[in-house]
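> Below are the sequence and a predicted model; questions follow.
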Amino acid sequence: MNEGERGVGEAIDELRNKIAELSDFVEIYSVIAGDSIIFTLDSKGNFSSVKKGDVPVPSLKGKPFLSFVSREDRKNAADIFMKCLSGEKVRSSVKVEGRDGESEYSIMAIPWKRGGKIDGIQGIAREVESGSDYERLLDLVSIPVCVSDLLGNITASNPECSALLGYREIEGRNIFDFIDEDYAPDVRKQSRDAMDGIYIRNEAYVVTAEGVKVPVEIDVREIKEEEKLIFSIREMTGKKAMEREAEDAEEKSAGHFRRFRDKLSAIMEIGGKTSADEIYMESVNIITKFFDVESCIIGTLSGGGISVVAAEGGAGETFEKDEMLSVVESGKEIFEVAAGNKRRIYFLLSFGKKVLGVMGVEGNMDDDDILLLDILSGEVAKSVLYTENEMSLERYMETMNQAVDGIYRTTFDGRILEANPAFLKIFGYDDREEELKGMNAERLFLKPQDRQKFLEMLEKDGTVQHFESRYVTREGKTIFGRESAWVVPRGGGRVIEGIFQDITRQKRIEEDARFYNSLLRHDIYNKNEIAIGYLGLLKSNELSEKDRDAIKKAITAIMEGNKLIETVKKLETIGDSNEMANINMDDVMGHIIEHYSEEARKRDIDIIFIPTGAVVRGNDLIEDVFSNLIKNAMEHSYGQHITV
């Protein structure tokens, strides 16, 4: 294997390792990112390429990205762009104006390098999910509750509220649609007072879907950070007999609600960490700060066992690795084991189909705590996978952009999905990536049938190494190339990934070497023939026996040199043709022994050949191999018998 082939093999192994490292990335990332937008901006801030998921958006190419950012957020967006051009990796968020209004997108952007220089930025944007903590907690409250804007338009409610009013859904309607008109003015004033920080309860009547008036007690509070109002509506039936008990329960519920909200808010901030270690340590801190626990531990899968990555409160004595591993193997999301008068509960760290490990907690926990810890375990797994895949994506992009050889991804029908800067440069499409992607890969081959041969090899073996052919650049120039490729499953189908080397210069050197080699053999052969002629003339003169013997040896040596030249010529011809045939070894050995029979007789050596009837696959050089073996045995051994 020559140096070029070793380089390709090493490059293939390296890229395959990176692909193996990312084997779960596509599945996990698609779950995490959803309809993410992958984009590239040139150094002027214009879109070079945009994809939503796997679908290109060519209509945005060439347009300035700032034109899509809301006016109030353009300075922030420009700052992100300038930081990336300075070589920084940036994570932030921007507000984007669309047909359906304004949306917030989280952005991860890195510098885009070409030829070792930063030539723009590339990044991923995904829409930030809306919804407040209050809205997510509505279903956890047992009393009827709804959330509205400052005008009373309902944006969210829990099932208890809908059931009280007799409707399947009340979102989109106004709270005053359900309040008896005689009491509506008092409740409106109550809402205005709540916006001023004055909180009072009002007794009123709500009108159900069946027209029934139900006596209720209404409490209105403002959610300042959300600019919304939250209405709690208690039915007053039987209230008078239990008024004090209800007031105590309300206060207790409000405190419980606040604590639940604080815990959930802390959990949701886990995703802001930038490494797996930070996420694990922050998770342990949250558990010990907000929950009544004595010890907690986080272990990840490693080498068929569990490796502890974070722990608190003597967890090493409380939790056993074998027990943690058995929880992982069980596949249960929540697993409780007996632990005396305490509760020891394990939570599986998993997201999608990916299992990272297990989180163990021991202490006094109620059902709400278990719910929150289950949410925490899911957020930990999701955040770790997202962080690791974000880093892997960055490394993958750097490999693609900095590789000397061309790297590409195509479909079997020839659609070019991706090509790195080196590939674009080799084929003359440096600044015309979209033009390349708009053509069929078959057009890059000088002979389209070579592409078909390449695909047949892939279909048969799933991989092709060192496939050589002639290709055509954008300018119509013919080049020699060597590519290695393999088939990769993707989205229920298959794509081709490969590496391409431009070997045009190497081929030119080989052709020149072959020409000069042929010329040199021709000249040496002619000189040898002239020397043999002169030695023949000299031999015809009156010479001593000693001189004649010397001339004979010189002629023999020159003739053997000519034979060697013929062998080299034959070797080159066979090497070019690679033709093999069935060869009867009995015939070959018979011919060789007959050739050396006279020389063997002079040396008093017997050559004994035992026929075997063997037939081998080979070429004309096989006779030279065995001829050299017989000759060396005769000249360099002192035996009297040679047996073959």
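Right, received. Where do you want to start?

> From now on I want contacts and neighbour counts done on CA atoms only, so please keep to that.
Will do.

> Show me what secondary structure element comes after the worst-scoring helix or strand of the chain on mean pLDDT.
Of all helical and strand segments in the chain, the minimum by mean pLDDT, DSSP states H and E falls on helix 25-33, at a mean of 38. Following the chain from helix 25-33 toward its C-terminal end, the next helix or strand by DSSP states H and E is strand 37-42.

> What's the first helix or strand after that following strand?
In the C-terminal direction, the helix or strand that comes right after strand 37-42 (DSSP H and E) is strand 47-52.

> What mean pLDDT does that following strand get?
Taken as a whole, strand 47-52 carries a mean pLDDT of 86.

> can you pull out the strands in the stretch 501-644 of the chain?
If DSSP state E, counting those that start in this stretch is used as the criterion, the strands of the stretch 501-644 of the chain fall at 581-584, 606-608, 615-618, 641-643.

> G360: which of the ones you listed is closest?
With C-alpha to C-alpha, the closest approach to G360 among the strands of the stretch 501-644 of the chain belongs to strand 615-618: 66.2 Å.

> domain assignment for this structure?
Domains of the chain are assigned by automatic domain parsing as 34-127, 133-237, 267-398, 403-502, 503-579, 580-644.

> Please identify which of these is closest to R261.
Of all the domains of the chain, domain 133-237 comes closest under C-alpha to C-alpha, at 6.8 Å.

> where's that closest one relative to the chain centroid, distance-wise?
For domain 133-237, the gap between its own C-alpha mean and the chain's C-alpha mean amounts to 49 Å (C-alpha atoms, centre = their mean, to the nearest Å).

> That one - what's its average pLDDT?
87.

> what does stretch 333-351 give?
Mean pLDDT, computed over stretch 333-351, is 85.

> Go ahead and confirm A614 touches D586.
Yes - with contact defined as C-alpha atoms under 8 Å, A614 counts as touching D586 (7.0 Å).

> Of the two, give the one with the bigger neighbour count.
Comparing A614 with D586 by other C-alpha atoms under 10 Å, the one with more neighbours is D586, at 15 against 10.

> got the contact list for that one?
P611, T612, G613, A614 (C-alpha atoms under 8 Å, 6 or more residues apart in numbering).

> Nearest to I334, out of those: which one, please.
Comparing the contacts of D586 against I334 with C-alpha to C-alpha places A614 closest, at 70.1 Å.

> In contact with I509: list those residues for me.
Contact criterion C-alpha under 8 Å, 6+ apart gives no residues in contact with I509.

> nope, G428 is what I was after
Taking C-alpha under 8 Å, 6+ apart, we find G428 in contact with T473, R474, E475.

> Kindly list the main-chain dihedrals of it?
The phi and psi values for G428, taken as degrees, to the nearest 10, are phi 80, psi 20.

> Count the neighbours of G172 for me.
12.

> And what about it, helix, strand or coil?
Look at G172: counting by DSSP: H, G, I helix; E, B strand; the rest coil, its state is coil.

> Which positions in the helix or strand hosting E336 come out as buried?
Here E336 is covered by strand 334-339, with elements defined by DSSP H and E. Of all the residues in strand 334-339, those buried under the rule 16 or more other C-alpha atoms under 10 Å are I334, F335.

> Now do that strand: which elements does it pack against?
Counting by 3 or more C-alpha pairs under 8 Å, 6 or more residues apart in numbering; DSSP states H and E, the packing neighbours recorded for strand 334-339 are strand 342-351.

> Out of the contacts of D586, who's the most crowded?
Neighbour counts for the contacts of D586 were taken using other C-alpha under 10 Å; the highest belongs to P611, with 12 neighbours.

> show me what contacts it?
P611 sits next to D586 when contact means C-alpha under 8 Å, 6+ apart.

> what phi and what psi does the backbone show at it?
Dihedral angles for P611 - degrees, to the nearest 10 - are phi -60, psi 140.

> Begin at 12 from now on, thanks
New numbering, starting at 12: the last item is P622.

> Check it and give its pLDDT.
You'll see P622 listed with a pLDDT of 89.

> which stretch among the strands of the stretch 512-655 of the chain comes nearest G177?
Closest approach to G177 among those is made by strand 626-629 (89.0 Å; C-alpha to C-alpha).

> Show me what that closest one pairs with in its sheet, parallel or antiparallel.
Note on strand 626-629: by DSSP bridges, its sheet partners are strand 592-595 (antiparallel).

> buried stuff in the partner strand?
So, applying 16+ other C-alpha under 10 Å, buried residues of strand 592-595: I594.

> How far away from the center of its chain is that strand?
In terms of C-alpha atoms, centre = their mean, the centre of strand 592-595 is found 50 Å from the chain centre.

> related to what we said a few turns ago, now tabulate the domains of the chain in JSON lines and tack on distance to R270.
What follows is the domains of the chain, written out as JSON lines (distance: least, C-alpha to C-alpha, whole Å):
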{"stretch": "domain 45-138", "distance to R270": "28"}
{"stretch": "domain 144-248", "distance to R270": "12"}
{"stretch": "domain 278-409", "distance to R270": "9"}
{"stretch": "domain 414-513", "distance to R270": "43"}
{"stretch": "domain 514-590", "distance to R270": "68"}
{"stretch": "domain 591-655", "distance to R270": "82"}
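
> lowest-confidence stretch among those domains?
Set side by side, the domains of the chain show their lowest mean pLDDT on domain 514-590, which sits at a mean of 66.

> how about the CA coordinates for the strand holding E347, as PDB?
Extracted as PDB, the C-alpha positions of strand 345-350 are listed here (Å, rounded to 0.1, in the frame of the first residue of the first chain):
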ATOM      1  CA  ILE A 345     -38.900   5.200  38.900                       C
ATOM      2  CA  PHE A 346     -37.700   2.400  41.200                       C
ATOM      3  CA  GLU A 347     -38.200   2.400  44.900                       C
ATOM      4  CA  VAL A 348     -36.400  -0.100  47.300                       C
ATOM      5  CA  ALA A 349     -36.900  -0.800  50.900                       C
ATOM      6  CA  ALA A 350     -34.800   1.400  53.200                       C
END
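
> Could you list the paired strands of that strand along with their orientation?
Paired strands of strand 345-350, with direction, are strand 353-362 (antiparallel) (DSSP bridges).

> Now do the strand holding E347: distance to the chain's middle.
The chain centroid and the centroid of strand 345-350 are separated by 36 Å under C-alpha atoms, centre = their mean.

> Hmm, N630 is touching M591, no?
Yes - in this structure N630 lies within contact range of M591 using C-alpha under 8 Å: 5.3 Å.

> Looking at the two, which is more packed in?
N630 (15 against 12).

> Next up, phi/psi of that one, please.
Backbone torsions for N630, taken as degrees, to the nearest 10, come to phi -130, psi -170.

> any idea how far P622 is from it?
N630 sits 20 Å away from P622, taking C-alpha to C-alpha, to the nearest Å as the criterion.

> With L640 instead?
In terms of C-alpha to C-alpha, L640 sits 17 Å off from P622.

> again with I616
When distance is defined by C-alpha to C-alpha, I616 is 19 Å away from P622.

> and if you look at I562?
Per C-alpha to C-alpha, I562 is found 39 Å from P622.

> ditto for G492
If you measure G492 against P622 using C-alpha to C-alpha, the figure is 48 Å.

> Kindly report the same for G222.
Remark: distance between G222 and P622 (C-alpha to C-alpha) = 112 Å.

> Not counting the helix or strand hosting Q463 itself, show me its contacts.
Secondary-structure assignment from DSSP H and E places Q463 in helix 459-472. By C-alpha under 8 Å, 6+ apart, the surrounding residues in contact with helix 459-472 are F423, E453, F456, T474, V475, F478, S480, A496, W497, V498.

> same thing but at 10 Å, please
Contacts to helix 459-472, defined as C-alpha atoms under 10 Å, 6 or more residues apart in numbering, come from residues 423-425, 452-456, 473-476, 478-482, 494-498, 507.

> And those residues, which of them are buried?
Among those, those classed as buried by neighbour count (16+ other C-alpha under 10 Å) are 423, 425, 452-453, 455-456, 474-476, 479-482, 494-498, 507.

> Mind checking which of the residues you listed land in helices?
With helices defined by DSSP state H, no entry of the buried ones among the contacts of helix 459-472 lies inside them.
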